[in-house]
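**Student:** Quick one: sequence and predicted model below, then my questions.
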Amino acid sequence: MSEASSAQARGLAKFGLSLNVLLVLVFLYAPIVLLTIYSFSGARNPGQWGGFTLDWYRALGDDTRVQDAIWVSIRVALVSTVLSVVLGTMAALALERFTFRGKKVFDALLYLPIIIPDVTMAVMMLLFFTQAFDLLDAWFGLRIAKGFATIVVSHIAFNIAFVSVVVRARIAGMDATLEQAAADLYATRWKAFVFVTLPQIMPGVLGGALLALTLSLDDVVVTQFVAGPGSTTLPVYVFSLIRRGVTPLINAVSVVMLAASLVLVIGSLFAQRANEGRRRREPAA
Amino acid sequence: MSSSALDPLDIVDPDHEHSHIGEEVERRLRRADRRRGFLLALPAYLYMVLFFAVPLVIVLIYSFATRTSSGSVALSGWNLESYRKLGEPIVRNVVFRSAFLAAITTVVCLLVGYPYAYFAATRRPLVRNLLLVAVMIPFWTNFLVRNYSWRLLLSTGGPISSATEAIGLGETDLLFTRTAVVLGLTYSFLPFMILPLYASIERIDWRLVEASRDLYSSGWKSFSKIVFPLSLPGVIAGSILVFVPSLGAYVTPEILGGGRETMLGSYIVTQFLTARNWPVGASVSFVLMAVMLSATIVYFRAGGKNL
Amino acid sequence: MVPAVSMRALTKRFDDVVAVDALDLDIADGEFFALLGPSGCGKTTTLRMIAGLEIPSAGSLKIHGDEVGTLPPNKRPVNTVFQNYALFPHMSVADNVGFGLRMQKTPKADVARRVGEAIELVRLTGMEHRRPNQLSGGQQQRVALARALVNRPKVLLLDEPLAALDLKLRQGMQFELKQLQREVGITFVFVTHDQEEALSMADRIGVMGDGELLQVGTPEEIYDQPVNRFVADFIGRSNFLPGTVEDPSTVCLTNGTRVTVEHAGDAGEAIALSLRPERVQLTDRGAVPEGQASLDGTVSLVTFLGSGVVYQVALDWMTVEVRAENRPSVPRHDVGDDVSLWWRDDAVAVVPA
């Protein structure tokens, strides 16, 4: 190959790479941006532009079903996040810092929800609750219906796993001699945990919480299987609306959901950056 | 003289009798530690057994059960009927379609994602991080909304259709086609491809490439003989991370395939919520899970844990 | 006087591996003691047993007369400077230093005063509010020292305290640590694999190998009278001339040369003479003082080191390393020169072969 043609080939490759990056970025962001723009469109067809309007957001403000769904979503997300963060962090500490009987089984059990397809998870929870409620009815005459509690229980079931993975990574990266130093400096085990271990793993706990929150707010499939008539989360409600046909109202709801997840992403990015910045400045001992 | 500074008196000092108490204390401490660890794990352990392991077993049991005429399940007369059904044309078509669409999605993600990851990995740190964050943000935004945005884009008379019409290509009607499903899946899972690819390309020792250039290799040859083989773990990891969730996808084919392009996820949901054939739904879910589990094991074997 | 640390038959087993094997050692109050040995010799395990971070498998461990073998670290009057310092990254310098006092529920005013004093002691005044990651390696080391010393421990343990510093800083810190130890008067026990560090800082050194304490003594004793080849070789350089004891003051070397020594041992015993390179006199062939045993050889290699010159002298049965000062009054030799080696009777140590 001659000098000139090889330089030409290199230039072409460079151009191709840059173009690809540009196209990927357009591909990733154009749909979200367009969706946001169209949520302000006055046209009845949600995919057409018909002049700027805030009507759909106003309609959203009047739609009690959407608002109910939003509240259910928020409550489900908060309750399941808090509980799964507590349980997941305890599990992470136990797995990283202790040995105990049944540890391997527990470890495997905590990986499964991450791997398993959400459809299978949904089926599992549906069958479990059906079976459990049948038994409770037959044995104790208890009549329980699916609803808020079943959604929360199911979300915790998959969130514990994600929280514990994130927290474990943080614990594994923590300098174990810090705890020894605390013990050497007259701290009891409990005080060493409160004053040294916990502050150190806090970024991991927060990261796990953000992930749990996101997953809980994202979930459609599992929730759809375990929700009751009076308790529908926003994604499940929106999903059912979409299947019935798109309306400009869905655009507006989607943008609200988009905004919510963006707040979470930006929050997590900041947390991660603060965290990484700290780690970078730590001595590489 | 200088070998030991022992005073002979000390050796017979009764207080210095050799105690073997240490090992006993250590055993006791270790036992206490195990108990502590167990108690710490216990709440999550119980939770996972009750609300995860038990449900999993129930699914397995249901998959061997019989469907009654009323659509409920008779927990007797165990049989393999529902697994036999997996071989019937209807189910087989769903399986093949799912595998095909997931495979196409994986290839598309790889073709688009590799150059992106390569580009990102060879930039200076600032640009590199920006490009990565650019991929991460959609990954964290609401999954349903992301899929819905394509429904909007592809809708009849929607933005894409109008655009192609405006440049004289005529209206496009992609919604509810396989193309739309692949587009949606690619949009959903592209970050899963780019991130492991980036990780594996980024850690390549570029001196190897310089060495190959020094040994008269052309740019393309350096890439195909050195860079690509070294990034193979990333390729494998990314492919599994895209293929596996695509295979079990439910939301995307529902929204963009309009129920016409039934994939495994939709099929399972239908068995439970509409057709009320729980044993078949259970067996398909179980098989799907088994496939994903084995794929994950391959992923870990390929060193995916480090990515 | 009651020793600061007293170990009797102190043993630590990890499953089947004996890390520390029946150690007997007393460390006096106010002493600067070094545990020296190659990595894996058990010195760090010994230190961790004193700190309470490992529980001895057997034996006795007393601090100021009190048995502490099985006490947890937070109940022992000792503090540790960890190898990587283990400073709490989320706390300021002042909070790091005050941690131990706060854990002991010291009144707030006392904490503030003592933290101030400790920070002054290690000359970090003005840095109280910095985070550990905003400090240099040397400054982090001082924080770790202050954090331990502020508790006025009966014994201060230092695990390879200088290993993480670069050479220049390390030399400065050696001097400073010794100074600091004299100032506070606390017993220092430090672990190192660096013989120079041990020689220059410690009042006494315990040399360890394979879990056993091989020799305890002042730096001079250890250097001049090593008990065996391992110690002689680990601390400084040495030539080992094999031979046999003829009578309590005479050794017959392998080549037949008879050498007078101070304590040869039992007749017939196979021994080696440990001969430090700088103790050997190098002269022109035959220019040896009257009545002094000597060895003849040829210079085979000359290495110039600046402060000195190292010669490899080939005898017909072994090679001997000789170090001469680089001084105008010391004559220089070249490769191929025929030379004689001799030494004073008290310049050698007899070690088992």
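**Tutor:** Good, I have the coordinates.
**Student:** For the stretch 51-200 of chain B, give me the ranges with low pLDDT.
**Tutor:** B:69-71 (pLDDT under 70).
**Student:** where exactly do the strands run in it?
**Tutor:** In the stretch 51-200 of chain B, the strands defined using DSSP state E, counting those that start in this stretch lie at B:66-67, B:73-74.
**Student:** which one of those lies closest to chain A?
**Tutor:** Chain A lies closest, by CB to the nearest CB, to one member of those: strand B:73-74, at 8.8 Å. In this view, the C-beta of every residue, glycine as well, is placed from N, C-alpha and C.
**Student:** Quickly run through the sheet partners of that closest one, with directions.
**Tutor:** Paired neighbours of strand B:73-74 in the sheet (DSSP bridges): strand B:66-67 (antiparallel).
**Student:** Can you tell me what sits against the strand it pairs with?
**Tutor:** Residues external to strand B:66-67 that are found in contact with it (CB atoms under 8 Å, 6 or more residues apart in numbering or on different chains): B:73-74, B:76-79, B:81, B:276-280.
**Student:** out of those, which is most surrounded?
**Tutor:** Neighbour counts for these (other CB atoms under 10 Å in any protein chain shown) peak at B:Val280, which has 25 neighbours.
**Student:** need the contact list for that one.
**Tutor:** Neighbouring residues of B:Val280 by CB under 8 Å, 6+ apart: B:67, B:82, B:85, B:91, B:271.
**Student:** can you count the residues close to the nearest residue to the fourth one once chain neighbours are set aside?
**Tutor:** By the measure of CB to CB, 6 or more residues apart in numbering or on different chains, the closest residue to B:Val91 outside its immediate chain neighbours is B:Lys85, 5.9 Å from it. When neighbours are counted by other CB under 10 Å, B:Lys85 registers 17.
**Student:** now do A:Phe140
**Tutor:** Here the number of neighbours of A:Phe140 (other CB under 10 Å) works out to 8.
**Student:** list the contacts for it?
**Tutor:** So A:Phe140 contacts nothing (CB under 8 Å, 6+ apart).
**Student:** State the pLDDT value of it.
**Tutor:** What the model reports as pLDDT for A:Phe140 is 90.
**Student:** can you check the one 4 residues further on too?
**Tutor:** What the model reports for A:Ile144 is a pLDDT of 84.
**Student:** Quickly note the distance from it to A:Ala132.
**Tutor:** 8 Å (CB to CB, to the nearest Å).
**Student:** Buried residues, stretch A:231-244. List them.
**Tutor:** For stretch A:231-244, the neighbour count (16 or more other CB atoms under 10 Å in any protein chain shown) marks A:231-239, A:241-242 as buried.
**Student:** now do stretch C:253-269
**Tutor:** So for stretch C:253-269, counting by 16+ other CB under 10 Å, buried means C:253, C:259, C:261, C:264-265.
**Student:** Name the residues of the stretch 51-200 of chain A found near chain C, please.
**Tutor:** With CB under 8 Å from any CB of the partner chain as the criterion, the stretch 51-200 of chain A comes near chain C at residues A:175, A:177-178, A:180-188, A:191, A:195-196, A:199-200.
**Student:** So which of those residues belong to strands?
**Tutor:** Among these, no member is found in strands (DSSP state E).
**Student:** Using PyMOL, define a selection of the buried residues within the residues you listed.
**Tutor:** Buried residues among those (16+ other CB under 10 Å), as a PyMOL selection:
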select buried, chain A and resi 175+177+178+180+181+182+183+184+185+186+187+191+195+196+200
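**Student:** Assign C:Gly206 to helix, strand or coil.
**Tutor:** strand (DSSP: H, G, I helix; E, B strand; the rest coil).
**Student:** Please name the bridge partners of it.
**Tutor:** Taking DSSP bridges as the rule, C:Gly206 bridges to C:Leu35, C:Val216.
**Student:** What is the burial count for it?
**Tutor:** Neighbours of C:Gly206 under the rule other CB under 10 Å: 26.
**Student:** With C:Leu315 instead?
**Tutor:** For C:Leu315, using other CB under 10 Å, the count is 17.
**Student:** surely it meets C:Val299?
**Tutor:** No - here C:Leu315 does not reach C:Val299: they are 11.3 Å apart, not a contact under CB atoms under 8 Å.
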